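A.B. asks: A predicted structure for the sequence below; I have some questions about it.
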Amino acid sequence: KNQVEQSPQSLIILEGKNCTLQCNYTVSPFSNLRWYKQDTGRGPVSLTIMTFSENTKSNGRYTATLDADTKQSSLHITASQLSDSASYICVVNQSHQLIWGAGTKLIIKP
Amino acid sequence: DTEVTQTPKHLVMGMTNKKSLKCEQHMGHRAMYWYKQKAKKPPELMFVYSYEKLSINESVPSRFSPECPNSSLLNLHLHALQPEDSALYLCASSLNQRLEGTEAFFGQGTRLTVV
C-alpha cells in the first residue's frame, strides 16, 4: 500500500531553536517529494520539491533532504520564528497522483 | 501572478440550498483541482480537470458538481449537502496534470459549514 508517514505528530519548540521533521514513504513508483507548510484554515504553500536525484534542497531557513534508497526525507528548520507555527505536510508524487502524509503540527513558543 | 483565488472565503448553507464555490488562476495552468480537507487531516482529492476536461473524479457524491468554464476558472456547484460535508475546500492548479517537477499552487480555501 502506498503510504507517507510523518513524525512526530506534533512538536513544540522555543523560538530561535532548530528542529527536524521526518517523512518515510513506501510510494512506488516515485516521481518527486514535496514539503508543504499549511497554516490553520489556509491553503498549503509549497516549500520544496525534490526529484529522485536530489539529496538536499534549501529554501531560506528550510532545508529538505531526500534519501531515495531508504525512502526517507527530512525537513530541517533553522532559527525558528513564531510564524513557523503551522502544519508541515510531506507529499509524494506517484505517477501524477499526490500521496499526502498526515502532517506534523509545529508550535513555536516565545 | 502566482495566485489561486478562491471565493467566498467562508460559506454557511442549509441542506436545501444551492451554492457555488469559485476558483480562478491566471498562470496559464492547464490542470486544476478540487480538494476537501477536514480538520487535522490532509487534503483529499475530489476532482481533476486537465485542459478543461474532467480527468479524475474520486467517486465524489453527485451533490458536488464541478465545472470548468474556461482554462482560468473552476467552479464547484453544491446542492443538498449534508452536515458532514462541512470542511475546507481547496482549489489548486499546476502547469499540467503530470506534476513532474512542477509546482501545485493552492488557493486559501473556502470554509464551508452546512447547517
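C.D. replies: Okay, I see it. Residues are numbered from 1 along each chain as shown, chains lettered A, B, ... in the order given.

A.B. asks: Just name whatever secondary elements the lowest-mean-pLDDT helix or strand in chain A is in contact with.
C.D. replies: The weakest-scoring helix or strand in chain A, judged by mean pLDDT, DSSP states H and E, is strand A:97-100 (a mean of 90). The elements that strand A:97-100 packs onto, with contact taken as 3 or more CB pairs under 8 Å, 6 or more residues apart in numbering or on different chains; DSSP states H and E, are strand A:86-94. Just so you know, the C-beta spots here come from the backbone N, C-alpha and C atoms, and that holds for glycine as well.

A.B. asks: So which residues make contact with the strand it packs on?
C.D. replies: A:2, A:4, A:6, A:21, A:23, A:25, A:27-40, A:44, A:47, A:73, A:75, A:98-106, B:42, B:99-100 (CB atoms under 8 Å, 6 or more residues apart in numbering or on different chains).

A.B. asks: centre of the chain versus it, how much separation?
C.D. replies: 5 Å (CA atoms, centre = their mean, to the nearest Å).

A.B. asks: For residue B:76, see how far away the spatially most central residue of chain B is.
C.D. replies: In chain B, the residue lying closest to the centroid (CA atoms, centre = their mean) is residue B:34, at 2.8 Å. To residue B:76, residue B:34 is 5 Å away according to CB to CB, to the nearest Å.

A.B. asks: tell me, what's touching these two both at once?
C.D. replies: Between them, residue B:34 and residue B:76 share these contacting residues under CB under 8 Å, 6+ apart: B:23, B:46-47, B:66, B:89, B:91.
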